[in-house]
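Novice: Here is my input; please provide its structure:
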Amino acid sequence: MAQFITQKVQPGPLSRTYNAQLRRSLKQGLITEIIKKNPAVFRKREKSHKNVILNRLGWLDVIREMPRELPRIERLVQEVREAGTRHLIVLGMGGSSLCPEVFYKVFGPQKWLKSFHVIDTTAPSQLEKILKKVDLTKSFFIVSSKSGTTIETISQFRFFFRMVKDIRPLKAGNFFAAVTDAGSDLHRMARRNRFREIFINKSDIGGRYSALSFFGLVPGAFTQADLSDLLSRANTFLDQMEDADGGNDALTLGTLMGCAATEGIDKLDFRASPKIAPFVMWVEQLVAESTGKEMKGIIPFEGYTGGTLSATTKDRLFVQYALRGDSRAALYRIPAKGLSAPHITIDLNDPHALGVEMLKWEMATVVASTILGVNPFDEPNVAESKKNTSLILKSRRGHRKIIPDPPLLKVSDFTINSVSDIQGLKLRQKVSAEDVFEKFVDGIKQGDYLSILCYTEMTPEIEERLSSLRQALGDRKKAVTMRGYGPRFLHSVGQLHKGGSRKGHFLVLERDYQTDFEIPKLNTSFAKLIKAQAEGDIKALRKRKRPVVNVNLKTDPIAGLDRILEMVIG
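Specialist: As a prediction, this is how the structure comes out:
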């Protein structure tokens, strides 16, 4: 793919391990066997694992099938445009939302659209902001869910469908399209409500591997991406993987990731220039959810800016991304200190090389998983948080207002609701908020990581403060820091938090909402739902003895975050 992409792999101190593994994989014909859907390469003897693997390799076939579906997708776009649509709203979670977000942020929306929104939150404050920006009489919705039972997506759908139906009682379904599996709950709802279009995806594709299927391409058609070009390049790369005796960029990338993780270099540090940076969030969920299980996993993270290196390089594999023509690319290169560590540089000639990159990272992640000895297609710990949320909501059904447990500590701009498994913290003694944060941060050792889990709306102001907190603590502890917004991270890195190695330390941030919306037919509201999701995930983390501090930022998350920054940074 030299005409589109230049990739250079530098294994550094891993050269001997990397080269030996690469020779084994080439001799085995690893890529060819994966394309042939041979479950033996995954070294999983259990029948349950083999069944999952055989039912999750459809992403290899769909690349050759989707070009003939493009006219149908394009026809929908034309119909929607002619109907006077000016706002496109995508409802989905995980792969169903992150890939459309990549298309939107990298290529931009179609010029006739005034706005393009990807909603993967249950924060009522975020919904309120979107409602103020769109005209529902000129909005079209894409509802995406493989199973059709994803609580966030179904809640979003019921909320918006009720509003559209109030405006257009007889033709509400004409303003919706669905992407789902055949026979799913969403499939049935879409038929019952007479959606304008229903796209049935191949059932043997998991959500995080669905970028080049209907899940990514239907929303992508509402952007300025040339989907035909994107798929054509991906098809060429697939041909090359089949014809090159297994030697290709996916194999070298996946081999280095897998070898690095087995040698304790399990942090994947992305340095991406701004024009390509949105792609990293998609890669993050693919790698984390595929590898983070059985107390193993690759820990991907992004968000550091500038040339500084805020932590040791001993446990990092760097990935440097640059897009040709991005004048700011030089600011995001790997610092000189990191060049002695294992690293990969990837330069793209133009954005449409992303079709190749999506397929390459899918295959590379599968290759790395075979080296780690994990099944890349299951997510054994994701269901636990979902079950906890369901039980919490059920226990509160019929209650008009949530009566929270008394907080552990009260501060002017936030409360500390609870803490667990904080080394050296004795709650029987009188402690301050400063004491809690000090002990929590002290517990982060070299090789560990801090993850800030923020159950709030996503705004530039909140993101700025989370970045400051990450940078300061990363510098102080020489450790990797991550951040995720709830509940979206539950469908990406959440599997890694619970199923991966016991290196995570978790600061869980919540807020109180002054505005709330009821969810039709579910007998609850969005504020109650996001609260239950935070509690459900905290319960799952505590079960595994992960260090957790749970903070409520009250009704003003900016003031609360500023106060935390004062305490932690000084």
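
Novice: so residue 129 sits right up against residue 457, yeah?
Specialist: Yes. Using Cβ atoms under 8 Å, residue 129 is in contact with residue 457, at 7.0 Å. (C-beta placed from N, C-alpha, C; glycine too.)

Novice: Who has more neighbours out of those two?
Specialist: Between residue 129 and residue 457, residue 457 has the larger neighbour count (other Cβ atoms under 10 Å), namely 20 against 15.

Novice: which SS state does the more buried one fall under?
Specialist: When classified by DSSP: H, G, I helix; E, B strand; the rest coil, residue 457 comes out as coil.

Novice: Against residue 353, how distant is residue 359?
Specialist: 11 Å (Cβ to Cβ, to the nearest Å).

Novice: all strands for the stretch 51-200 of the chain, in order.
Specialist: Using DSSP state E, counting those that start in this stretch, the strands of the stretch 51-200 of the chain run over residues 87-91, 115-119, 139-144, 176-181, 197-201.

Novice: who does the third one touch, helix- and strand-wise?
Specialist: Of the remaining helices and strands, those touching strand 139-144 by 3 or more Cβ pairs under 8 Å, 6 or more residues apart in numbering; DSSP states H and E are strand 87-91, helix 95-107, helix 151-167, strand 176-181, helix 214-220.

Novice: Now find how far off-centre the second one is within its chain.
Specialist: Counting by Cα atoms, centre = their mean, to the nearest Å, helix 95-107 is centred 11 Å from the centre of its parent chain.

Novice: Can you give me the neighbour number for residue 353?
Specialist: Residues contacting residue 353 under the criterion other Cβ under 10 Å number 25.

Novice: Can you verify my assumption that it contacts residue 7?
Specialist: No. Using Cβ under 8 Å, residue 353 makes no contact with residue 7, being 10.7 Å away.

Novice: re the thing from before, of the helices and strands packed on strand 139-144, which approaches residue 42 most closely?
Specialist: Of all the helices and strands packed on strand 139-144, helix 95-107 sits nearest to residue 42, with 20.4 Å by Cβ to Cβ.

Novice: pretty sure residue 433 contacts residue 416?
Specialist: Yes. At 5.8 Å, residue 433 counts as touching residue 416 under the criterion of Cβ under 8 Å.

Novice: Find the residues that touch each one of these two.
Specialist: Contact criterion Cβ atoms under 8 Å, 6 or more residues apart in numbering; residues bridging residue 433 and residue 416 by contacting each: residue 409.

Novice: and the helix or strand harbouring residue 48, average pLDDT?
Specialist: With elements taken from DSSP states H and E, the one containing residue 48 is helix 47-54. Averaging pLDDT along helix 47-54 yields 78.

Novice: ditto for stretch 488-501
Specialist: Stretch 488-501 comes out at a mean pLDDT of 95.

Novice: First-to-last residue distance for that stretch?
Specialist: End-to-end distance of stretch 488-501 (Cα to Cα, to the nearest Å): 21 Å.

Novice: burial of residue 226, as a residue count?
Specialist: If you count neighbours by other Cβ under 10 Å, residue 226 ends up with 14.

Novice: Quick check: chain neighbours aside, which residue is closest to it?
Specialist: Nearest residue to residue 226 in three dimensions, chain neighbours excluded: residue 352, at 6.1 Å (Cβ to Cβ, 6 or more residues apart in numbering).

Novice: now swap in residue 249 and tell me
Specialist: Once flanking residues are discounted, residue 249 sits nearest to residue 7: 4.7 Å by Cβ to Cβ, 6+ apart.

Novice: Give me the distance from the helix or strand of the chain with the lowest mean pLDDT to the chain's centre.
Specialist: One helix or strand of the chain scores below all others by mean pLDDT, DSSP states H and E: helix 47-54, with a mean of 78. Between the centre of helix 47-54 and the centre of its chain there are 24 Å (Cα atoms, centre = their mean).

Novice: still on that earlier bit, who's in contact with the helix holding residue 48?
Specialist: For helix 47-54, the external contacting residues (Cβ under 8 Å, 6+ apart) are 37, 39, 42, 44, 204, 375, 377, 378.

Novice: now stretch 413-430
Specialist: Applying Cβ under 8 Å, 6+ apart, the contact partners of stretch 413-430 are 404-405, 407-409, 431, 433, 435-436, 439-440, 442-443, 510, 538, 541-542, 545-554, 556, 559-560, 562-564.

Novice: and the residues you listed, which are buried?
Specialist: 408-409, 431, 433, 435-436, 439-440, 443, 510, 538, 541-542, 546-554, 560, 563-564 (16 or more other Cβ atoms under 10 Å).

Novice: and among the strands of the stretch 51-200 of the chain, the most buried is which?
Specialist: Counting by mean count of other Cβ atoms under 10 Å, strand 139-144 has the highest mean neighbour count of the strands of the stretch 51-200 of the chain, with a mean of 27.

Novice: Sheet-wise, list the partners of it with their directions.
Specialist: If you go by DSSP bridges, strand 139-144 pairs up with strand 87-91 (parallel), strand 176-181 (parallel).

Novice: Next, the angle from the last one to helix 95-107.
Specialist: Computed by axes from the mean of the first three to the mean of the last three Cα atoms, to 10 degrees, the angle separating strand 176-181 from helix 95-107 equals 120 degrees.

Novice: pLDDT averaged over strand 176-181, what's the number?
Specialist: The average pLDDT within strand 176-181 is 98.

Novice: beta partners of residue 419?
Specialist: Bridge pairing for residue 419 - DSSP bridges - gives residue 549.

Novice: Below-threshold pLDDT in this protein: ranges please.
Specialist: The model of the chain has pLDDT under 70 over residues 1-3, 244-247, 303-312, 335-338, 398-403, 428, 570.

Novice: what's the domain layout of it?
Specialist: Listed domain ranges for the chain are 5-29+245-372, 62-225, 382-569 (source: automatic domain parsing).

Novice: Distance to residue 49 for these - can I get that in JSON lines?
Specialist: Output for the domains of the chain, formatted as JSON lines (distance: least, Cβ to Cβ, whole Å):
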{"stretch": "domain 5-29+245-372", "distance to residue 49": "11"}
{"stretch": "domain 62-225", "distance to residue 49": "14"}
{"stretch": "domain 382-569", "distance to residue 49": "14"}
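
Novice: Show me the one of those that comes nearest residue 234.
Specialist: For the domains of the chain, distance to residue 234 was read as Cβ to Cβ. The smallest value, 3.9 Å, belongs to domain 5-29+245-372.

Novice: Pull out the CA atoms of stretch 514-525 and give them to me as PDB.
Specialist: Coordinates of each C-alpha in stretch 514-525 appear next as PDB, following Å, rounded to 0.1, in the frame of the first residue of the first chain:
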ATOM      1  CA  GLN A 514     -30.900  20.100  36.900                       C
ATOM      2  CA  THR A 515     -32.700  19.000  33.700                       C
ATOM      3  CA  ASP A 516     -33.900  15.500  33.100                       C
ATOM      4  CA  PHE A 517     -36.000  13.600  30.500                       C
ATOM      5  CA  GLU A 518     -38.300  10.600  31.000                       C
ATOM      6  CA  ILE A 519     -37.600   7.600  28.800                       C
ATOM      7  CA  PRO A 520     -40.900   6.500  27.200                       C
ATOM      8  CA  LYS A 521     -42.000   2.900  28.100                       C
ATOM      9  CA  LEU A 522     -39.000   2.300  30.400                       C
ATOM     10  CA  ASN A 523     -40.400   3.800  33.600                       C
ATOM     11  CA  THR A 524     -37.200   5.700  34.300                       C
ATOM     12  CA  SER A 525     -35.300   8.800  33.200                       C
END
